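J.: Structure of the sequence below:
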Amino acid sequence: MHFSVKFGIGLLGLVSMASAALVTSAVGPVVADFNQFAGLGYNFQNGPTQVQNGTSPIVITWTAAGGQQGGGVLGQGSYGLAGNGSWGSGGQTYTAVDNAAAQITMMFSAPVSGVSMFVNYCPDCGGTAASIAALDSGGNIIESYDLTVSAPISTPGGQNAGAYRGITHATSDIWGFEIFNMYMVGDDLTVTGAASGVPEPTSGLLALGGLAGILIQRLRRRS
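T.: Modelled structure (predicted):
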């Protein structure tokens, strides 16, 4: 029995360490495209505001803090990113951090194991550390990355250009996602995990670990 418990915990630890990571692609289906805010212009606000994409099971509670125009952007309009071009052409909807040192927080109605968003930032607008973060159920940061160091985005003269950046974990313990600093903009938030209906890649491995522990325990009893 003692051996099987150690085996299960050790396997869980290895899976967790191997699976927590910064990702640079969409991790699953889009749960927020911000199209519900089309026609509202820049729509500066602090929230809380509910965001949902079509029939997605995930409902997002959006809030902004630190914006210089009374909140963050939750709508559309030309949004300059200096050396990285601009967003908003063609009527694209998006959310944006309205300051070099401000944040957009998106809390989920259920936990997920991975989250990513199509983002960009202004490298020439002051501020440092254009960052993303995964949050727990209390809105506390459990993992974060400075994109200017870990995964820079460079889109000179781009229109609505950017790249996916996100975070994955071994289990569904991510309750929110945050983008902050350097006038970051984001669109097409994607998630994976139990809440999105997409199987978690580690679930089968964890199940095998538990089964191995049970078999070892039975063998020890027989001997």
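
J.: Please count neighbours and contacts with C-alpha atoms only from this point.
T.: Fine.

J.: got any ranges where this structure has weak pLDDT?
T.: 1-19, 194-223 (pLDDT under 70).

J.: how about 90 then?
T.: In the predicted model of the chain, residues 1-20, 52-57, 67-71, 124-128, 194-223 satisfy pLDDT under 90.

J.: Could the C-alpha coordinates of the strand ranked longest in the chain be exported in PDB?
T.: Longest strand in the chain by number of residues (criterion: DSSP state E): strand 103-112. Written as PDB, here are the backbone C-alpha positions of strand 103-112 (Å, rounded to 0.1, in the frame of the first residue of the first chain):
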ATOM      1  CA  GLN A 103      -4.700  44.800 -17.000                       C
ATOM      2  CA  ILE A 104      -7.600  42.900 -18.400                       C
ATOM      3  CA  THR A 105      -8.900  39.900 -16.300                       C
ATOM      4  CA  MET A 106     -11.100  37.200 -17.700                       C
ATOM      5  CA  MET A 107     -12.500  34.700 -15.100                       C
ATOM      6  CA  PHE A 108     -14.200  31.500 -16.300                       C
ATOM      7  CA  SER A 109     -17.400  29.900 -15.200                       C
ATOM      8  CA  ALA A 110     -15.600  26.600 -15.000                       C
ATOM      9  CA  PRO A 111     -11.900  25.500 -14.700                       C
ATOM     10  CA  VAL A 112      -9.800  24.500 -17.700                       C
END
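
J.: What are the buried residues along that strand?
T.: Neighbour counts using 16 or more other CA atoms under 10 Å place 103, 104, 105, 106, 107, 108, 110, 111, 112 of strand 103-112 among the buried residues.

J.: Spatially nearest residue to the third one, not counting backbone neighbours?
T.: Distances taken as CA to CA, 6 or more residues apart in numbering place residue 178 nearest to residue 105, at 4.6 Å, with adjacent residues excluded.

J.: Against which helices or strands is the host helix or strand of that neighbour packed?
T.: Assessed by DSSP states H and E, residue 178 sits inside strand 174-180. With contacts taken as 3 or more CA pairs under 8 Å, 6 or more residues apart in numbering; DSSP states H and E, strand 174-180 sits against strand 103-112, strand 131-135.

J.: could you check the angle strand 103-112 makes with the following helix or strand past that strand?
T.: Scanning forward in sequence from strand 174-180 by DSSP H and E, the next helix or strand is strand 185-192. On the basis of axes from the mean of the first three to the mean of the last three CA atoms, to 10 degrees, strand 185-192 is oriented at 10 degrees to strand 103-112.
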